[in-house]
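S.K.: Generate coordinates for the sequence data below:
(2 chains)
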Amino acid sequence: MSNIVKDHVLELLKNDTRVDGRGLKDYRDIKVDVEVTSTAEGSARVKIGDTDVIAGVKFNVETPYPDNPENGNFMVNAEFLPLSSPNFEAGPPKIDAIELSRVVDRGIRESKMIDTGSLCITPGEKVWSVGVDICTLNTDGNLIDAAALAAIVALKNARFPKYDGVKLDYKTLTDEKLKLSKMPICATVVKAGGKFFVDLNEEEEEATEAKLNVWSTEDGELSALQKGGDSNLTVEDINQMFDIAIEKATELRKFVQ
Amino acid sequence: MSYEKRPDGRNFDELRPIEAKVGVIKNAVGSASFKIGKTWALAAVYGPRELHPKFLQDPAKGRLRCNYNMMPFSGTGDRIRPGGNRRAKEISMVTEKSLMPVLDLKNYPNTVVDVFIELPQTDAGSRCAGICAASMALADAGFVMKDLVSAVAVGRVDDKIVVDLDYQEEAYEDGPVADIPIAMLPRTKEVTLLQMDGEISKEQMAEALELAKKSVDEIYEFQKKALKEKYTGEQNE
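M.R.: Numbers count the residues shown, from 1 in each chain, chains lettered A, B, ... in the order given. So this is what the prediction gives:
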């Protein structure tokens, strides 16, 4: 079954076309909504075609890590909900969800988008923690670019809850937002049948030979990479994929509101 | 003491605003979204599909399996650690029991019908919202059903019997409170879920049950309308 799909995708790629008629470098329609859940301090829902994810930000006050006493804590977690796909099961996160959350974590953390120093309340004792949870609602390929965008938009819209030094009041959000500098974006480029293309739907993902998740900021700097797929990439491939990813990231960044 | 006014100004027998919709999750066989006030439940149905491990299979009929889960950011307080807890397990179980009486799965031996209920946002009443969404999702999936299941919490706050308590009301401190989640088959008013915690007299309980009967009729209308809208094309994003 999957071979038929794979062969079909590869056959179309020879003529630079795709199962839904898109060009190789075209994303599907993208829709971004903010403040989609009021129990999170920041949230966003991102749809890329039929891929649909929701991200929520929760703040807390915690003790800092002993080796990092003057910086706040930052965490990304992804839940591949069984509600979103017949292929997902209930239970602890599987490797795909773990990989996605770690790549999103690195892309955001290493870009220095969040000034974790500004999250320090009392050095060595109290810092803000910022947690982003990404939940899938419906899957149709390219979960990572959607999840990354949702996480970024949720962080941009998050507002600190009221904190009097002792107690957090989640019901009262202040006007204070996270101090953000860079705006990193993840764009994934896939190689199959000798071609590079982006934003694969679930069918197309069957044909993936090699892929590269590329996180880049608005100044064209890279903040995280992850090579995936079972095939190899040449250095020339990788350089081409960077160019495509940075160009696509510029387009995707327009959806950050 | 007397309870004069609800925090959001509703009448004692008034539900929060309801929004219901089906067909919200494309990958699912059937799906629904049910919002009541700030409580929001999504439900997706997968199956009937083969049940593993095999010893769980019933050669006489399919099994219904419900999974209730709050998203990590859906609580009114701290982040909720994902991975399920005792509360979620119990709610999943009573949800199954609330839906079983309307379903007939004898045509699907050895299979499981999975209902996944996810809460992106909650403000009390989440198990009831989940049951409302789940029964709509099962209908959307095309299962033969005796009726939909409609659910709502009724309760006592001080001297008043109220419907659809929000979180603030559940946490009322100036008098006794009882919280009573109820699910009913709206046509016959047979009860498929009944839980209660708090303090309430037998007479007040009877009054609360009467209020539940009236309230499930209102919820039923929203559920039916959502299901019909899918086929009349009146649904909008």
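S.K.: contacting residues for the residue of the stretch 51-200 of chain A found nearest chain B?
M.R.: Going by C-beta to the nearest C-beta, chain B is nearest to residue A:56 of the stretch 51-200 of chain A, at 3.0 Å. Using the backbone N, CA and C atoms, a C-beta is placed for each residue, glycine as well. Shown in contact with residue A:56 (C-beta atoms under 8 Å, 6 or more residues apart in numbering or on different chains): A:37, A:39-40, A:42-43, A:132-133, A:135, A:154, B:71-74, B:120.
S.K.: Check what pLDDT it gets.
M.R.: Residue A:56 is assigned 98 on the pLDDT scale.
S.K.: Near chain B, which residues of the stretch 101-250 of chain A are found?
M.R.: Contact residues, the stretch 101-250 of chain A versus chain B (C-beta under 8 Å from any C-beta of the partner chain): A:131, A:133, A:135, A:137-140, A:170-171.
S.K.: Show the contacting residues for residue 150.
M.R.: No chain specified, so I'll use chain A. Applying C-beta under 8 Å, 6+ apart, we find residue A:150 in contact with A:32, A:44-46, A:53-55, A:134.
S.K.: Can you look at chain B instead?
M.R.: By C-beta under 8 Å, 6+ apart, residue B:150 lies in contact with B:132, B:135, B:183-184, B:186, B:216-217, B:219-220, B:223.
S.K.: can you do 6 Å?
M.R.: Residue B:150 sits next to B:186, B:216, B:219-220 when contact means C-beta atoms under 6 Å, 6 or more residues apart in numbering or on different chains.
S.K.: State the pLDDT value of it.
M.R.: Residue B:150 is assigned a pLDDT of 98 by the prediction.
S.K.: For the residue of chain B found nearest chain A, which non-adjacent residue is spatially closest?
M.R.: Relative to chain A, the nearest point of chain B is residue B:73 (3.0 Å; C-beta to the nearest C-beta). Distances taken as C-beta to C-beta, 6 or more residues apart in numbering or on different chains put residue A:56 closest to residue B:73, at 3.0 Å, once the chain neighbours are dropped.
S.K.: Would you mark the buried spots in the helix or strand containing the one you found?
M.R.: Residue A:56 belongs to strand A:51-62 when elements are defined using DSSP states H and E. By 16 or more other C-beta atoms under 10 Å in any protein chain shown, the buried positions in strand A:51-62 come out as A:51-61.
S.K.: same deal with stretch A:74-90?
M.R.: Using 16+ other C-beta under 10 Å as the test for burial, stretch A:74-90 gives A:74, A:76-85, A:88.
S.K.: Remind me what the longest helix along chain B packs against, helices and strands.
M.R.: Longest helix in chain B by number of residues, with DSSP state H as the criterion: helix B:202-232. Under the contact criterion of 3 or more C-beta pairs under 6 Å, 6 or more residues apart in numbering or on different chains; DSSP states H and E, helix B:202-232 touches strand B:18-22, strand B:150-157, strand B:160-163, strand B:177-185.
S.K.: Of those strands, which is nearest residue A:163?
M.R.: Smallest distance to residue A:163 across the helices and strands packed on helix B:202-232 (C-beta to C-beta): 28.8 Å, for strand B:177-185.
S.K.: relative orientation of the closest one and strand B:150-157 in degrees?
M.R.: Strand B:177-185 and strand B:150-157 meet at an angle of 160 degrees, taking axes from the mean of the first three to the mean of the last three C-alpha atoms, to 10 degrees as the criterion.
S.K.: host element of residue A:96?
M.R.: Going by DSSP H and E, residue A:96 is in helix A:95-110.
S.K.: Now that helix: buried residues?
M.R.: Buried-residue list, helix A:95-110, by 16+ other C-beta under 10 Å: A:97, A:99-101, A:103-109.
S.K.: Over to stretch B:153-165?
M.R.: Here stretch B:153-165 shows B:153-157, B:160-165 as buried, counting by 16+ other C-beta under 10 Å.
S.K.: Please convert those residues to CSV, extending it with distance to residue A:165 and pLDDT.
M.R.: Converted to CSV, the buried residues of stretch B:153-165 look like this (distance: C-beta to C-beta, whole Å; pLDDT from 0 to 100):
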residue, distance to residue A:165, pLDDT
B:153, 36, 98
B:154, 40, 98
B:155, 36, 97
B:156, 38, 96
B:157, 33, 96
B:160, 38, 96
B:161, 41, 97
B:162, 36, 98
B:163, 39, 98
B:164, 36, 98
B:165, 32, 97
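S.K.: May I ask which two of those residues are separated the most?
M.R.: Maximum distance among these (C-beta to C-beta): 14.2 Å, for B:153 and B:160.
S.K.: quick one, helices of chain B?
M.R.: Using DSSP H, helices in chain B cover B:86-99, B:126-140, B:167-170, B:202-232.
S.K.: ok, now how distant is the nearest residue to residue A:136 once chain neighbours are set aside from residue B:138?
M.R.: Leaving aside its chain neighbours, residue A:136 sits nearest to residue A:84 (4.0 Å; criterion: C-beta to C-beta, 6+ apart). Distance from residue A:84 to residue B:138, counting by C-beta to C-beta, to the nearest Å: 18 Å.
S.K.: on that earlier part again, nearest to residue B:62, of the buried residues of stretch A:74-90?
M.R.: Closest approach to residue B:62 among the buried residues of stretch A:74-90 (C-beta to C-beta): residue A:82, at 17.6 Å.
S.K.: so where's chain B uncertain?
M.R.: B:1, B:234-237 (pLDDT under 70).
S.K.: if you set the cut-off to 80 instead, what comes out?
M.R.: B:1, B:233-237 (pLDDT under 80).
S.K.: and it, which residues reach chain A?
M.R.: Residues of chain B lying near chain A by C-beta under 6 Å from any C-beta of the partner chain: B:25-27, B:38, B:44, B:46, B:67, B:71-74, B:77, B:79, B:82, B:116, B:118, B:120-121.
S.K.: Strands - which of those residues land there?
M.R.: B:44, B:46, B:67, B:116, B:118, B:120-121 (DSSP state E).
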